[in-house]
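Visitor: my questions concern the predicted model and sequence given below.
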Amino acid sequence: MVFAELEIVVPTFLVDTQKCRKNIVRMQAKAQQHQLAFRPHFKTHQSEKIGFLFRDLGITQITVSSFRMAQYFAQQGWRNITVAFPVNILEIEAINKLAKQLKLHVLVESTETVELLNSYLQYMVGAYVKIDNGYHRTGMDVVHIEKISTVVEAIEQSCFLNFAGFLSHAGNTYQAKNKQEIAKIHLNNIKQMNLLKNTFLGKYPEMKLSIGDTPSCSLMERFEGIDEIRPGNFVYYDAMQLLIGSCQLEQIAAFVACPVVAVHPERNELVIYGGAVHFSKESMDHHAYGICFGLVVEELVKGLQLMDGCYLKKISQEHGVVHVTKEFLAHKPVGSIIYLIPVHSCLTANLMKEDTLYLE
């Protein structure tokens, strides 16, 4: 990838497809090493082109975060999809259309949802019970075994649902500060999921345990009892993953190119055309910079390099204010381009679908 050869006039999301492929190969090899099914989450890239990279490597089953996204990838021929978001029963028409044409899995966490699905489904659907192992976003707590059993039994009694197993997402690893904290969260997740397996496997021998967060899947080597992993962010990585140690700089495959529109040397700041509508307002607490919204990189002869002391300090809708060093500011006049690693590539990719450039 050669930044200097690009003709950038507006904020542009740059994707290095060679790095994407290397990231996919690495994660696929890890899944194979641990005898895990690999069902990558496509919500990060939401891209037909990146989807082809997975398909070319023999991957046939995927995860998405909405039924609309499932429809998008179904149109591209994907026939085994898990929608890893609690069922929105108001989308039952879309659910039935998908279930008619492919192997569909959904998430449930209450008998109410199961009963509604049973009332309106027309085709068979696999159902995972969503488990909360500490993230506290959604899902059932493992300590409530009786409630979980009630939901599993309701699925089994349904005419149109098959009990697929238990699914969790340790999203709290994204708030970890180092590998040790990620390991603690991951091992707790593994422990809790295996408690469920030990309880239910005898009666449901086909059930699976599915987990999927990029920090754990990138760094950990213990997956005892787990059947499937569903990481997504790893295909691009981002500044957050770099900060917590999930990846190295050379593995990051997505950047935002932004024009410089104003220079304020008295404040060591540049203003860029690139704000919340491009990056999102996701921030991270950097150990040296405090709250920031992206990290500045430059492409040198030896490869990409983080520019020390240069970071996206604040953003509004279209504006971005970048704190820089005097040395960096000296060669970035109005009309030049700077390149940044977004804090959360999933959100940035979603916002910049119409301004994405795939680089070979």
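Guide: In hand now; what should we look at? Numbering: from 1, shown residues only.

Visitor: just the buried positions in stretch 187-205, please.
Guide: 189-190, 192-197, 199-200, 204 (16 or more other CB atoms under 10 Å). Every residue, glycine included, has its C-beta placed from N, CA and C.

Visitor: how near is the residue lying closest to Met27 once chain neighbours are set aside to Lys313?
Guide: Nearest non-adjacent residue to Met27, counting by CB to CB, 6 or more residues apart in numbering: Phe234, 5.4 Å away. The gap separating Phe234 from Lys313 is 28 Å, by CB to CB, to the nearest Å.

Visitor: who has more neighbours, these two?
Guide: Phe234 (25 against 20; other CB atoms under 10 Å).

Visitor: quick one: classify that one as helix, strand or coil.
Guide: What DSSP: H, G, I helix; E, B strand; the rest coil gives for Phe234 is helix.

Visitor: tell me the pLDDT of it.
Guide: pLDDT recorded at Phe234 is 98.

Visitor: distance check, it against Lys30.
Guide: Distance from Phe234 to Lys30, by CB to CB: 10 Å.

Visitor: repeat for Thr173
Guide: Distance from Thr173 to Lys30, by CB to CB: 16 Å.

Visitor: who's more crowded, these two?
Guide: Ranked by neighbour count (other CB under 10 Å), Thr173 and Lys30 place Thr173 first, with 26 against 19.

Visitor: surely that one is in contact with Lys184?
Guide: No: Thr173 is not in contact with Lys184 according to CB atoms under 8 Å; the separation is 9.5 Å.

Visitor: which ones are touching the closest residue to Phe38 other than its chain neighbours?
Guide: When the adjacent residues along the chain are set aside, Phe38 lies closest to Ala31, with 3.8 Å between them (CB to CB, 6+ apart). Ala31 makes contact with 37-38, 229 under the criterion CB atoms under 8 Å, 6 or more residues apart in numbering.

Visitor: can you list the residues you listed in TSV and add neighbour count, pLDDT and secondary structure?
Guide: Formatted as TSV, the contacts of Ala31 follow (neighbours: other CB atoms under 10 Å; pLDDT from 0 to 100; DSSP: H, G, I helix; E, B strand; the rest coil):
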residue	neighbour count	pLDDT	secondary structure
Ala37	14	98	strand
Phe38	25	98	strand
Ile229	25	98	strand
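
Visitor: helices of this structure, start to end?
Guide: 17-33, 48-56, 67-74, 92-101, 111-120, 145-157, 179-200, 214-219, 239-244, 276-279, 326-330, 345-351 (DSSP state H).

Visitor: using CSV, write out the CA atom coordinates for the last one.
Guide: Looking back up the chat, that one is helix 345-351. Listed next in CSV are the C-alpha coordinates belonging to helix 345-351 (Å, rounded to 0.1, in the frame of the first residue of the first chain):
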residue,chain,number,x,y,z
SER,A,345,-12.8,0.3,12.7
CYS,A,346,-16.3,-1.4,12.8
LEU,A,347,-18.0,1.9,13.3
THR,A,348,-15.8,3.8,10.9
ALA,A,349,-16.3,1.2,8.1
ASN,A,350,-20.0,1.4,8.6
LEU,A,351,-20.0,5.2,8.3
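
Visitor: so for that helix, mean pLDDT?
Guide: Averaging pLDDT along helix 345-351 gives 98.

Visitor: check the shortest one too.
Guide: The pLDDT scores in helix 276-279 average 98.

Visitor: which strands and helices sit next to it?
Guide: Other elements packing on helix 276-279 under the criterion 3 or more CB pairs under 8 Å, 6 or more residues apart in numbering; DSSP states H and E are strand 254-264, strand 303-315, helix 345-351.

Visitor: ok, which of the ones you listed comes nearest Met240?
Guide: helix 345-351 (8.6 Å; CB to CB).

Visitor: buried ones in the closest one?
Guide: Within helix 345-351, the residues scored as buried using 16+ other CB under 10 Å are 345-349, 351.

Visitor: contacts for that helix, please.
Guide: Residues from elsewhere that reach helix 345-351 (CB under 8 Å, 6+ apart): 13, 43-47, 232-233, 236-238, 254, 256, 277-280, 282, 342, 356.

Visitor: next: stretch 257-274.
Guide: Residues contacting stretch 257-274 (CB under 8 Å, 6+ apart): 3, 6, 8-12, 14, 256, 278, 312-313, 315, 318-326, 329, 332-340.

Visitor: nice, that's everything, thank you.
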